[in-house]
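>>> task: produce atomic coordinates for the following.
(chains A and B)
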Amino acid sequence: MNRLLVVAFSLGLIVGSLFLVMAAAYGVGGWVENNLFTGASFITNILVLMLAIVMIIATLLTIAERKWSAWMQDRIGPNRARLPIPGLSNNSLAGIPHIITDVFKMLTKEAFTPKSASKFLFNLAPILAFAPVFALFAIVPAGPTVTVMGKQIMMVSANPDFGLLYLFAIASLAVYGASLAGWASNNKFALLGGVRASSQMISYEVALGLSLVGMMIAFGTVKLAGDTGMSAMQAGYLWNTTILGVDVGVPQWGFLLQPIGFLLFFAAAFAETKRAPFDTPEGESEIVGYFLEYSGMQFGMFMIAEFVEVVVLAGVLVAIFFGGWSLPFGNQWLTNLPVMKANGWLLGAILGTVFWIKVILLIYLQLVVRWTFPRFRYDQVQKLGWQILLPAGLINLFVSGALILQDPSLKLLAFFGLAEIGVFAFLTVTPAAQVRREAEHAAHGGGHGHGHGGHGAHDDHGHAALPATAATTTLAASVAAGSHTH
Amino acid sequence: MSGVSPEQVLFAVFALAIMVSSAGVIFARNAIASAMSLVACFFFLAGVYVLLWAHTVAALQVLVYAGAIMVLFLFVIMLLTTSSDGPSMSFSVSRVAGSAAIVAMFGALTSVFVKLPAPSYGWTRDADAVATFGTIAKVGEVLYTRWLFPFEAVSLLLLVAILGAVVVAKARV
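Numbering: from 1, shown residues only, chains lettered A, B, ... in the order given. As a prediction, the model looks like this:
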């Protein structure tokens, strides 16, 4: 019972603080639009969305990753640091005080530069790793456009005409940090990491761009924010009806229209975050990684850049594939309530909170993937990028284009997408041949297999029961199969 | 500040940065530093494109040149370069002649650009003319209607180049 109270309080704290921050963001935006100059709300959005929310979530992720991985491995996780707050001085506070100790450790350690390193590039690399990743969030809308204090407030930091091109352009710069860090360190292992980072990025960039073209054709735009942007388009329905005044139906969300596009983009963008299973540039068990020679806060920049990239990727996925800030049902009902019409900031804050909750769920998905899959071998990474993702992206593009041309209302595309999801679901619930064999073996062998049950942490029988989407599993399986034939 | 618009100040900043970084491309002894100067040069060039109202071209400049192509350059340099120092400066007849030709070319271009008429509208003043100019819709429309044939011809040329590279590389591997 006590545990339930703590969980309820924590959830309330997270949702409530997101709501308050989003309400404040709209309020401040309206105030500066009225009292400073037109467009000033974009500047306050940079402060609130990018500097405050994204950075705070990224900082909390440093502890969340350790806690969630501990859950998955049946451990408790970090819980020893304490804060000298009266009444809470013997409470682990879910390990959050560890963030403070981590930050102090990084700030106070010496930022050591190896003697034979290229000094300027060595110091430039952490900046080049962090800055592009941080700038990526600028075009992701975190809330609807509403009227606050008589002014239209867009909850986005920038809404350029070329939209997603900005995303691709800045994301392609992010790899310089890793490859330069590897080269400038004058260390063979770091150089290997840097070269692996560049080659991985080269093989995934094409698939990354190609996977989103289907969504661009479907909605006829490359913008994310604004009235004609992808987020606002996804608030509509494919099929809908009204029950007790509330509109319900199948929303026009991207992953229903383009399931393959979603999987391809997710895989390619995951490879760009350089996290497991695509962590060959880091490969901590073999080459330590491109940041081998970095220490102190310079290493911290690489680490926080990775976590910021996780948040940004979740935000981009939500904005393109999971309906942005819209609810799955009841959008029109909520928007047309008299209290919402009178108070634009309230509607904005509620839908903004919905956006961030979706972002947190997708961050959780990314961490689950990171702690579930084993690392792809180097040639498997290349094969997946060039021989599977790229052709699949091209086929998806042609099929989607034909379906949209046939039926511009997107219903045909949605039928096709739902059928694809059905196939994925069927493949997921059908156990792989290896799992079936092992199950039969266990049934015949009696108590033979039970010795494994008690482990958890470093048990490597996790291969057989990957709880992932079928497509990713089949992709991984076909990569493995492909490599056997050579 | 009379007569100096913010755009002119920005142009001066970008132009100076382009000159400094392109000088870095030539004079840097180290191949990686030279490549990074080229990245910086492309980046500042994108800034000049923005000042010319070519936003989409600026984004494509960063995406294609500063991002994709230079990452490939850097990859190749890191994979193949063994020494970090480049060749030392030396003078020969062909180099001196080449430098003279470059200076002459620069002089010729300067004399032409000085004589070009000034644009009839200011950089920010003609709002109607620039409302759709350089947007991705406009660039796409022009690219796929008026310039469709050159566009496809260039794609074919690139395809031939890729096939040629594969043939040449396969013979050795």
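
>>> list the contacts for the residue nearest to A:K274 when sequence neighbours are not counted?
Leaving aside its chain neighbours, A:K274 sits nearest to A:P281 (5.1 Å; criterion: C-beta to C-beta, 6 or more residues apart in numbering or on different chains). Where you see a C-beta, it was placed from the backbone N, CA and C, and this is true even at glycine. Under the criterion of C-beta atoms under 8 Å, 6 or more residues apart in numbering or on different chains, the contact partners of A:P281 comprise A:A178, A:G182, A:G193, A:G194, A:R196, A:A197, A:Q200, A:K274, A:G289, A:Y290.

>>> just A:A81 next, same as before
By C-beta under 8 Å, 6+ apart, the residues touching A:A81 are A:S92, A:G95, A:P97, A:H98, A:I100, A:T101.

>>> residues in the stretch 51-200 of chain A within reach of chain B, list them.
Proximity of the stretch 51-200 of chain A to chain B, by C-beta under 8 Å from any C-beta of the partner chain, involves residues A:118, A:120-121, A:160-163, A:165-166, A:168-173, A:175-176, A:179-180, A:182-184, A:191, A:194-195, A:198-199.

>>> mind giving me the ChimeraX command for buried ones among those?
The command below creates a ChimeraX selection of those among these that count as buried (16 or more other C-beta atoms under 10 Å in any protein chain shown):
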select /A:118,121,160,161,162,163,165,166,168,169,170,171,172,173,175,176,179,180,182,183,184,191,194,195,198,199
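
>>> just want the residue of chain B that's nearest chain A.
Proximity to chain A, evaluated over chain B using C-beta to the nearest C-beta, is greatest for B:G67 at 2.7 Å.

>>> contacting residues for that residue?
Contact analysis of B:G67 by C-beta under 8 Å, 6+ apart lists A:F168, A:A169, A:A171, A:S172, A:L173, A:E205.

>>> can you pull up the most central residue in chain B?
With distances taken as C-alpha atoms, centre = their mean, chain B has B:F42 as the residue nearest its mean C-alpha position (5.4 Å).

>>> now do the contacts for whichever residue of chain A sits closest to chain B.
Among the residues of chain A, A:S172 lies nearest to chain B; the distance is 2.7 Å by C-beta to the nearest C-beta. A:S172 is in contact with A:M201, A:E205, B:V62, B:L63, B:A66, B:G67, B:A68, B:V71, counting by C-beta under 8 Å, 6+ apart.

>>> what's the burial count for A:V435?
14 (other C-beta atoms under 10 Å in any protein chain shown).

>>> between the contacts of B:G67, which is closest to A:M22?
A:A171 (25.8 Å; C-beta to C-beta).

>>> in this structure A:W386 contacts A:S203, no?
Yes: taking C-beta atoms under 8 Å as the definition, A:W386 is a contact partner of A:S203 at 5.6 Å.

>>> more neighbours: which of the two?
Counted by other C-beta under 10 Å, A:W386 and A:S203 do not tie: A:S203 has more neighbours, with 20 against 15.

>>> show me what contacts the more buried one?
Listed by C-beta under 8 Å, 6+ apart, the contact partners of A:S203 are A:V381, A:Q382, A:G385, A:W386.
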